[in-house]
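In: Starting from these lines, generate the structure:
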Amino acid sequence: MIKLLKSILIYLILLVSGVSSSYSFEQSDSLNTQKNQQVHNNYLSKSPSGAIYRSLIIPGWGQLYTGSYWKAPIFFAGASTLTYFIISNNSEYQKYSKEYNRLTDKTTIQAQIIRNKREYYRDNRDLSAFYLLGVYVLAAVDAYVDAHLYDFTIDDNLSFNLSYSNNYLFLNLKYHIK
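Out: This next block holds a predicted model:
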């Protein structure tokens, strides 16, 4: 239980330090936004590096920054669940590791069962950590792409239509010039 509290405390310290350092990202993002507004006149843009940093601090924060509100809870829930699995499997691994180390005769069936349980929880802990890394990378890449496509406009000036009629395939491409 004490190890769990230490892990939660370390996570909260990292969270607070990440939040405090993110204010500098917001200031640089506001400067970048002002520069981009001067260049693009009517477009508001999001900083891709700011989105990546936010997603690497807390998965889902970059999605909130870029306006993908429905994705943020998915990434956060995935990271939280995997963190729970890492902590849980690590505590079980430590328990069986101590129990295995206390045994004097490690050739008995009981020792093999304990060793197998220890290895099972170690493997699950490591696999959960690998999946957590995947969630962080996926959240960062998604936030990066969303930040780059934030200014992308979808309008009827350019349209593409593919149709099939009388054994012929038709491709219509329309571009409206204003």
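In: mind checking which helix or strand residue 82 is in?
Out: helix 72-102 (DSSP states H and E).
In: From the chain's centre, how far out is that helix? Work that out for me.
Out: When distances are taken as C-alpha atoms, centre = their mean, to the nearest Å, helix 72-102 is centred 18 Å away from the chain's centroid.
In: after that helix comes which helix or strand?
Out: Following helix 72-102 in sequence order, the next helix or strand is helix 109-148 (DSSP H and E).
In: helices or strands up against that next one?
Out: helix 48-57, helix 61-66, helix 72-102 (3 or more C-beta pairs under 8 Å, 6 or more residues apart in numbering; DSSP states H and E). From N, CA and C alone the C-beta is placed, and that goes for glycine too.
In: and residue 143, which of the ones you listed is closest to it?
Out: Nearest of the helices and strands packed on helix 109-148 to residue 143, taken as C-beta to C-beta: helix 61-66 at 2.8 Å.
In: And the closest one, how far out from the chain middle?
Out: For helix 61-66, the distance to the chain centre is 11 Å (C-alpha atoms, centre = their mean).
In: Are there helices or strands packed against that helix, and which ones?
Out: helix 48-57, helix 72-102, helix 109-148.
In: Other residues contacting it?
Out: Outside of helix 61-66, the residues within contact range by C-beta atoms under 8 Å, 6 or more residues apart in numbering are 46, 50-56, 69, 71-72, 75, 139-140, 142-144, 146-147, 150.
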